[in-house]
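A.B. asks: Return a 3D structure for these sequence lines:
(one chain, ligands or ions: 2)
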Amino acid sequence: MNMLENLHSASKSSSRSRIALTIGDPAGIGTEVTLKALADRNLLQSNSEFTIFGDRRHIVKTYSLLIDNSNFSIADPDSINIVDIVNKDDIVLGSGDRASGAASFAYLDAAISGTLAGNFDAIVTAPIAKSAWKQAGHHYAGQTELLAERSQVSDFGMLFVGRSPHTNWVLRTLLATVHIPLSEVSKQLTPNLIEQKLELLRRSLLQDFAIANPRIAIAGINPHSGEQGQLGREESDWLQPLIERYRQQHPNVQITNPIPPDTMWVNPAKAWNNCDRIQLGYDAYLAMYHDQGLIPVKLLAFDRAVNTTIGLPFVRTSPDHGTAFDIAGKGIADPASTIAAIELAIELAKIRTMQKKP
Ligand SMILES: NC(=O)C1=CN([C@@H]2O[C@H](COP(=O)(O)OP(=O)(O)OC[C@H]3O[C@@H](n4cnc5c(N)ncnc54)[C@H](O)[C@@H]3O)[C@@H](O)[C@H]2O)C=CC1
Ligand SMILES: NCC(=O)COP(=O)(O)O
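C.D. replies: Ligands and ions are numbered 1, 2, ... in the order given. Predicted coordinates:
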């Protein structure tokens, strides 16, 4: 066993992880999936300490609403630590607004303060609505940017991680650009940005996932990766030269040329679905923009992918879905992605704890 494998096997040891969970937008399904996840047998046996950040009255009300109205087990709020952050205004279930935006911002802000103070090893965030934050006067692209600002880091990234239930293969997708209009994407995709994301990804693969010699697939920007300049020049002007420089600097990393973005996902789909095709999958995929990466992730793994922020001084994970206002309060929200987010947070937190030990 090498040093990294040792670390990962040690991460399965019995040290207790302290996990902060925010309920996200209280008008959405965040409270529901959190209470359902905390009734999951494997999580209950994980020797972790869970603390929910949210409005206690709202959490108890959601529990009462769901207890007779859901096929899933629900954790009783009386049995969970809750940091009670009282909502200032009434919440209307099913539509994010100024009140729900102010509330979800306050929960996350408090969880970050507690984590930066050393009280928690990881934060698992339920989804928020960016539009509701905006209505409440908080101009962040999303939770990721608030987490980064409060942690005083400028290099951070949004990585989606999902383990296939068919083959056990793990799909990891980093987004180079995230919550910006499509018309801004080509302006923000610069050599500096891609170098920064590749470095973040390399470090995360090594430190968080024990992959010392990773294979990374990188998507092109234009259709057919530019078709030799005929459909766009970014690939030939700077992306391909950047990749060649990167190979010289990091001989231990195998990185592809820019793969035409439509076909990039054919092999990961085979690795996801077929045990005989796992070797076709790469350790990670760098997608150039939100939907280039998240359409395939959600097609393959909507019920189990996890959004994790890399580059923070602590672990942060989140389910891959949003607030699902359309089904709030109906008892039908699937907690699988939240369970996966909590499991990944525990695993990553244990690895960090082991790394800090002398
Ligand atoms: N991590 C986060 O904080 C995220 C937040 N969002 C926010 O969520 C809001 C709504 O976004 P949408 O694009 O509508 O995506 P969404 O994921 O909330 O909903 C898309 C569809 O999937 C269904 N769905 C989502 N989660 C489900 C679950 N756990 N179980 C069963 N069905 C589920 C919904 O009912 C809806 O039909 C937006 O304001 C967006 O900003 C979106 C994605 C991630
Ligand atoms: N589409 C992913 C997403 O919206 C995650 O946003 P956040 O975690 O930054 O709030």
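
A.B. asks: what helix or strand is the residue nearest to the spatial centre of the chain on?
C.D. replies: Centroid-nearest residue in the chain, with C-alpha atoms, centre = their mean: residue 307, separated by 1.1 Å. Secondary structure from DSSP states H and E places residue 307 in strand 306-310.

A.B. asks: who does the helix or strand just after that strand pair up with?
C.D. replies: On the C-terminal side of strand 306-310, the nearest following helix or strand under DSSP H and E is strand 315-319. Sheet partners assigned to strand 315-319 using DSSP bridges are listed as strand 122-125 (parallel), strand 306-310 (antiparallel).

A.B. asks: could I get stretch 326-345 in PDB with only the CA atoms?
C.D. replies: Output of stretch 326-345 as PDB, limited to C-alpha atoms (Å, rounded to 0.1, in the frame of the first residue of the first chain):
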ATOM      1  CA  ASP A 326     -42.600  22.600  -7.900                       C
ATOM      2  CA  ILE A 327     -42.600  19.600  -5.500                       C
ATOM      3  CA  ALA A 328     -41.900  21.400  -2.200                       C
ATOM      4  CA  GLY A 329     -44.100  20.000   0.700                       C
ATOM      5  CA  LYS A 330     -45.400  17.000  -1.400                       C
ATOM      6  CA  GLY A 331     -43.200  14.500   0.300                       C
ATOM      7  CA  ILE A 332     -41.800  13.100  -2.900                       C
ATOM      8  CA  ALA A 333     -38.400  14.600  -3.000                       C
ATOM      9  CA  ASP A 334     -35.600  12.000  -3.500                       C
ATOM     10  CA  PRO A 335     -32.900  12.400  -0.800                       C
ATOM     11  CA  ALA A 336     -30.300  10.200  -2.700                       C
ATOM     12  CA  SER A 337     -28.100  13.000  -3.900                       C
ATOM     13  CA  THR A 338     -28.100  14.600  -0.400                       C
ATOM     14  CA  ILE A 339     -27.200  11.200   1.100                       C
ATOM     15  CA  ALA A 340     -24.300  11.000  -1.400                       C
ATOM     16  CA  ALA A 341     -23.300  14.600  -0.500                       C
ATOM     17  CA  ILE A 342     -23.100  13.700   3.200                       C
ATOM     18  CA  GLU A 343     -21.200  10.500   2.500                       C
ATOM     19  CA  LEU A 344     -18.700  12.300   0.400                       C
ATOM     20  CA  ALA A 345     -18.300  15.100   3.000                       C
END
